[in-house]
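[1] Generate a structure from the sequence data that follows.
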Amino acid sequence: MGKKSPQQTDVVVGHNVRFWRLERKMSQTDLANLLGLTFQQIQKYENGANRVGASRLMQIATALDVPIHAFFDGAGPQTDETESPIKFVGDQQALRLVRAFADIDDAGLRRSVVNLVEGIAGSEAEENGAK
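    Okay, the predicted model is just below:
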């Protein structure tokens, strides 16, 4: 019998574990130590390679001080319009960008930053489409 592929829900839960761990400024090793696991096991959970059991998910929720339902944000039927932004914020660089953006008080400057990033993203999309 072959190895089962992770279900989409398992992948979403793993991404959300990563998001909340990064939000708490915790390393995989820190979380693993709190749970009595190895960092490799946390890595497998976050990548969706291993499914997280219910009791383990409750332990993770307690360790990260988040409600257990937070790990299911973005699970279920998704369209381009409803895709969870947590998928993108699970990236450490994206999280740094969001944190820095949140620290900008000037509304005009915030608009300028958004326009800059959208312009960069648009020009990259055009370059990739032209290839």
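
[2] Leaving out the residues flanking it, which one is nearest to Ser27?
    In this structure, Ser27 finds its nearest non-sequential neighbour in Phe39, 7.5 Å apart by Cβ to Cβ, 6 or more residues apart in numbering. No exception for glycine: its C-beta is placed from N, CA and C like everyone else's.

[3] Tell me how far the one you found lies from Glu23.
    With distances defined as Cβ to Cβ, to the nearest Å, the gap from Phe39 to Glu23 amounts to 18 Å.

[4] for this structure, what helix or strand is lowest in average pLDDT?
    Across the helices and strands of the chain, mean confidence by mean pLDDT, DSSP states H and E is lowest for helix 86-89: a mean of 60.

[5] list the helices and strands the helix or strand just after it packs on?
    Next along the chain after helix 86-89, taking DSSP states H and E as the criterion, comes helix 92-102. On a contact count with 3 or more Cβ pairs under 8 Å, 6 or more residues apart in numbering; DSSP states H and E, helix 92-102 meets helix 8-23, helix 86-89, helix 107-130.

[6] How about residues contacting the first one?
    Yep, that's helix 8-23 we're talking about. With contact meaning Cβ atoms under 8 Å, 6 or more residues apart in numbering, helix 8-23 is reached by 6, 27-28, 31, 42, 45-48, 51-52, 57, 60, 64, 66, 70-75, 84, 86-87, 89-90, 92, 95.

[7] next structured bit after it?
    Heading C-terminal from helix 8-23 (DSSP H and E), you reach helix 28-35.

[8] could you check the angle helix 8-23 makes with that following helix?
    100 degrees (axes from the mean of the first three to the mean of the last three Cα atoms, to 10 degrees).
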